[in-house]
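1. Provided below for reference: sequence and predicted model.
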Amino acid sequence: MLMVEATLKDYDLKDRTRQARGILVQACNIFADIAESRPNKYSITGYILAKLEAQLGLVQIQIVQVGFSMTSQIFKQQV
């Protein structure tokens, strides 16, 4: 989570939201594998996985919002 927050706050990166999404997808895959291989630890891995998926949803919303605002700016310039 800290890597994701640091990536999102790095304003020098042009595609920081996409990099954060990549980090979260990789982390979700790892924790899903851990949850399957260690069923006795599912309560904690399930919780962590849920937190990661929620953060992933927020990052994807940011990506869509940025894309939508860029599209609307292009449309306004054409009109």
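-> Okay, I see it.

2. Val64: what secondary structure?
-> On the three-state scheme (DSSP: H, G, I helix; E, B strand; the rest coil), Val64 is labelled helix.

3. could you check the pLDDT of it?
-> Note on Val64: pLDDT of 88.

4. pull the contacting residues for it.
-> Listed by C-beta atoms under 8 Å, 6 or more residues apart in numbering, the contact set of Val64 is empty. From N, CA and C alone the C-beta is placed, and that goes for glycine too.

5. please renumber so the chain begins at 10
-> OK, 10 is where the count begins now, so the last one is Val73.

6. give me the distance between it and Asp21.
-> From Val73 across to Asp21, the span is 23 Å (C-beta to C-beta, to the nearest Å).

7. please apply the same query to Ala29.
-> Here the distance between Ala29 and Asp21 works out to 14 Å (C-beta to C-beta).
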